[in-house]
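Enquirer: Provided below are the primary sequence and the corresponding predicted coordinates.
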Amino acid sequence: MCFFDSPVAPCEKVHEMVLLDETQQECAYEHDCPPGRECPLAGRFTEVSGIDPEHAEQFATTHHAP
C-alpha cells in the first residue's frame, strides 16, 4: 500500500495537478511555464521545498541552512 500525502491543487494553466510542497519557481520549471506567466496558484506554494505550506513558517524559524 502506498500513501501520498503531499498537498496538491489543480492548475488551470497547465491542466494538471501540481504539488504545493515545492516552491513556485520549482513548479514553474517542472511544468515549463514561461517567464512572466501569471500563476493561478501564487501564494499557495511553500517557501521551503518539501515542507507543507502550513508548516513552512515553523520550519524556517527552527532550521537554518548552512
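Expert: That came in fine, so what should we check first? Just so we're clear, the structure is a prediction, and the values are computed from it rather than from any experiment. Residues are numbered from 1 along each chain as shown.

Enquirer: need the distance between the two termini of stretch 37-48.
Expert: 21 Å (CA to CA, to the nearest Å).

Enquirer: for that stretch, which positions count as buried?
Expert: Buried residues in stretch 37-48, counting neighbours by 16 or more other CB atoms under 10 Å, are found at 39, 45, 46, 48. Where you see a C-beta, it was placed from the backbone N, CA and C, and this is true even at glycine.

Enquirer: do stretch 24-41 as well
Expert: So, applying 16+ other CB under 10 Å, buried residues of stretch 24-41: 24, 26, 27, 28, 33, 39.

Enquirer: format these as CSV; extra columns: distance to residue 9, pLDDT and secondary structure.
Expert: CSV is the format used below for those (distance: CB to CB, whole Å; pLDDT from 0 to 100; DSSP: H, G, I helix; E, B strand; the rest coil):
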residue, distance to residue 9, pLDDT, secondary structure
24, 12, 95, helix
26, 14, 94, helix
27, 10, 95, helix
28, 14, 96, helix
33, 15, 96, coil
39, 11, 97, coil
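
Enquirer: residue 15: which of these is nearest?
Expert: residue 33 (12.3 Å; CB to CB).

Enquirer: how about the contacts made by that closest one?
Expert: 13, 14, 27, 39 (CB atoms under 8 Å, 6 or more residues apart in numbering).

Enquirer: try 7 Å this time
Expert: By CB atoms under 7 Å, 6 or more residues apart in numbering, the residues touching residue 33 are residue 13.

Enquirer: what's the distance between it and residue 50?
Expert: To residue 50, residue 33 is 20 Å away according to CB to CB, to the nearest Å.

Enquirer: so residue 17 lies in a strand, does it not?
Expert: Yes. Assessed with DSSP: H, G, I helix; E, B strand; the rest coil, residue 17 lies in a strand.

Enquirer: and the pLDDT at the residue nearest to it when sequence neighbours are not counted?
Expert: In this structure, residue 17 finds its nearest non-sequential neighbour in residue 8, 4.8 Å apart by CB to CB, 6 or more residues apart in numbering. You'll see residue 8 listed with a pLDDT of 92.

Enquirer: ok, residue 55 next?
Expert: At residue 55, the model reports a pLDDT of 69.
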